[in-house]
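**Q** Based on what follows, work out the 3D shape:
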Amino acid sequence: MSYFNEIYGDPELSSKAKMVLLYLHDRANQKGESWYAINTIAKELCLSRSSVKRAMSELIQRGKIKKRARFRENGGNTSNLYSLIV
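**A** Residues are numbered from 1 along each chain as shown. As a prediction, this is how the structure comes out:
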């Protein structure tokens, strides 16, 4: 079964989680990593920030992605790194 068929056919994932996962997959580098900010994802998918955050939490809980915090050289936060688990 292809990766996309697994996503589409997963009855446990909400439609918003599927949409966010497909977005991350589409925007990932060759290592399966994506670092788009929640605001960017929300804007491009026409979802609220809260919906994206809930979808991300769901994807992490279901073992579809890993989230790693990233920091600037001065110690400030920057966008998280999301790794796809295939």
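
**Q** measure residue 75 to residue 69 for me?
**A** 12 Å (CB to CB, to the nearest Å). All C-beta atoms are positioned from the backbone trio N, CA, C, and that covers glycine.

**Q** More neighbours: which of the two?
**A** residue 69 (9 against 6; other CB atoms under 10 Å).

**Q** phi, psi of that one?
**A** Residue 69 adopts backbone torsions of phi -70, psi 140, taken as degrees, to the nearest 10.

**Q** Check the gap between it and residue 55 for me.
**A** Distance, residue 69 to residue 55, by CB to CB: 18 Å.

**Q** Can you give me the pLDDT of the closest residue to residue 83 other than its chain neighbours?
**A** Nearest residue to residue 83, sequence neighbours excluded (CB to CB, 6 or more residues apart in numbering): residue 66, at 4.5 Å. On the pLDDT scale, residue 66 is placed at 97.

**Q** what does residue 1 give?
**A** So, for residue 1, pLDDT stands at 61.
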